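# 3D model of this:
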Amino acid sequence: MLGSDSRVCMLDGGTVYRHIAESPFIIMACNARIRHVIPGIMRAAEELDAVIAFELTATEGGLDGGYTGQSPQQFVSTVIEYAESCKFTKPFIIHADHITIKNTSTEELESARSLIATQLTAGYRSFALDASFNPMADNIRIISELAPLLLADDVGLEVEIGEIPPVGRESSLTTVEDVEEFLGGLSDLNIKPHLLAIDNGSKSGNYLDGQLVNIDLERTGEIFAAARRFGVTGLVQHGITGTPLRIVGKLAEYGIRKGNIGTLWQNVAHAGLPPELLDEMRDWARENRCDIKYATGVFYDRINSIPPEDVKLIADLAYREAREFITAFHAKGSATRLAETIGA
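Residues are numbered from 1 along each chain as shown. Down below sits the predicted model:
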């Protein structure tokens, strides 16, 4: 896919995840809803020698392009083009986040299969199967039907128990008993995921003024210990946007091995967009009574044709944020450590 002369180091998620269980750092996974943040993220990872991931959810970039206007092929091509042009040499993963299966209907499962097949063809090498909306037994059964498509290809497999709610809704913390039942059920079916996403009290989206961040670190550590008994490499932290770096820095100690950051990069991109364009996007969101993220695809062409000075500003802002999070995630030097562990 890359060609023999390429120095781009895109890896299978399975290759990476199997070698980081005992390494207390977090892979920064970036939902790049707006492409202009990617060069800044890559520059920070190159300088800090860090393993990172780029990802989109099914709603952000599904078969129809989702609300960002990026099909799986467009997203993969964009990331690789930037890696080539930026001379990015550090290892990275392209991850399919939140392939959501909300019920047990044939249509829902076939839709997931179609998306997975397209993403595999496009070059995604790590996948999150999210059937957490369903009762436990159905969650296990759905994963058992879809996971073999991925495990046969040695890509990374992430599963989820406990949905992270948006800001404003109460959490329902994942319990150790839930994890043992879920992973035990999958193990009985010979399915061994690499990563497990849980609800530990975080929220997705932007925190509002006066709202507290309540991540239960003790519960997270207990769940990690239970998950390790089933061969899980580590836990996945959703809802990092707005979480103080002093808390972010502790997550690796409690078993978090992948941290998903989405809204932050959108905020960074919005900060660098021409003011008149951002105003139009806000007006559109108000008129349509929806989150401004849904304006991304509607204004896709205009966002991607902003002046070079604005593109540079966004990349510089993303670089600054990425350096802070990579450092807080204890991921500085993780690329070299991974190579040593693999024996590359």
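# Could you name the specific helix or strand carrying the nearest residue to residue 215 once chain neighbours are set aside?
Residue nearest to residue 215 in three dimensions, not counting chain neighbours: residue 201, with 4.8 Å by C-beta to C-beta, 6 or more residues apart in numbering. (Glycine included, C-beta is placed from N, CA and C.) Following DSSP states H and E, there is no helix or strand that holds residue 201.
# give me phi/psi at residue 201?
The phi and psi values for residue 201, taken as degrees, to the nearest 10, are phi 110, psi -10.
# roughly how far apart are it and residue 223?
Using C-beta to C-beta, to the nearest Å, residue 201 is found at 12 Å from residue 223.
# neighbour-wise, which of these two wins?
Using other C-beta atoms under 10 Å, the more surrounded residue of residue 201 and residue 223 is residue 223, with 27 against 21.
# Secondary structure element holding the more buried one?
helix 217-228.
# Show me what that helix packs onto, helices and strands only.
Helix 217-228 sits against helix 176-188, strand 195-198, strand 234-237, with contacts defined as 3 or more C-beta pairs under 8 Å, 6 or more residues apart in numbering; DSSP states H and E.
# what about the stretch 51-200 of the chain, any weak spots by pLDDT?
Filtered on pLDDT under 70, the stretch 51-200 of the chain yields the residue ranges 163-171.
# 50 - rerun?
Applying pLDDT under 50 to the stretch 51-200 of the chain flags residues 167-169.
# That one: helices as residue ranges?
Ranges of helices within the stretch 51-200 of the chain are 58-61, 72-85, 106-122, 136-151, 176-188, based on DSSP state H, counting those that start in this stretch.
# what packs against the third one?
Contacts defined by 3+ C-beta pairs under 8 Å, 6+ apart place helix 106-122 against helix 72-85, strand 92-100, strand 126-130, helix 136-151.
# Now do the buried residues in stretch 230-238.
Of the residues in stretch 230-238, 230, 232, 233, 234, 235, 236, 237, 238 count as buried by neighbour count, 16 or more other C-beta atoms under 10 Å.
# so which of these comes closest to residue 266?
Comparing the buried residues of stretch 230-238 against residue 266 with C-beta to C-beta places residue 238 closest, at 15.0 Å.
# close enough to count as contact, the closest one and residue 195?
No - using C-beta atoms under 8 Å, residue 238 makes no contact with residue 195, being 11.7 Å away.
# How many residues are close by residue 309?
Per other C-beta under 10 Å, the neighbour tally for residue 309 reads 9.
# distance of residue 266 from residue 341?
Where residue 341 is concerned, residue 266 sits at a distance of 33 Å (C-beta to C-beta).
# How about residue 309?
Distance of residue 309 to residue 341, computed by C-beta to C-beta: 42 Å.
# likewise residue 136?
Residue 136 is 34 Å from residue 341, by C-beta to C-beta.
# How about residue 15?
Separation of residue 15 from residue 341 (C-beta to C-beta) stands at 11 Å.
# Just want to know which of those two has more residues nearby.
Shown here are residue 15 and residue 341; by other C-beta under 10 Å, residue 15 has more neighbours (18 against 15).
# how far out from the middle of the chain is the strand or helix carrying residue 43?
Element membership for residue 43 (DSSP H and E) is helix 38-48. Taking C-alpha atoms, centre = their mean, to the nearest Å, the mean C-alpha location of helix 38-48 is offset from the chain mean by 17 Å.
# same question, stretch 146-158
Centre-to-centre, stretch 146-158 and its host chain are 17 Å apart (C-alpha atoms, centre = their mean).
# cool, stretch 173-189 as well?
The answer for stretch 173-189 is 22 Å, by C-alpha atoms, centre = their mean.
# what's the distance between the closest residue to residue 133 other than its chain neighbours and residue 127?
Spatial nearest neighbour of residue 133, excluding adjacent residues (C-beta to C-beta, 6+ apart): residue 102 at 4.6 Å. For residue 102, the distance to residue 127 equals 17 Å [C-beta to C-beta].
# who's more crowded, these two?
residue 127 (29 against 12).
# partner residues bridging the nearest residue to that one once chain neighbours are set aside?
Nearest non-adjacent residue to residue 127, counting by C-beta to C-beta, 6+ apart: residue 96, 4.6 Å away. Beta-bridge pairing of residue 96 under DSSP bridges involves residue 56, residue 127.
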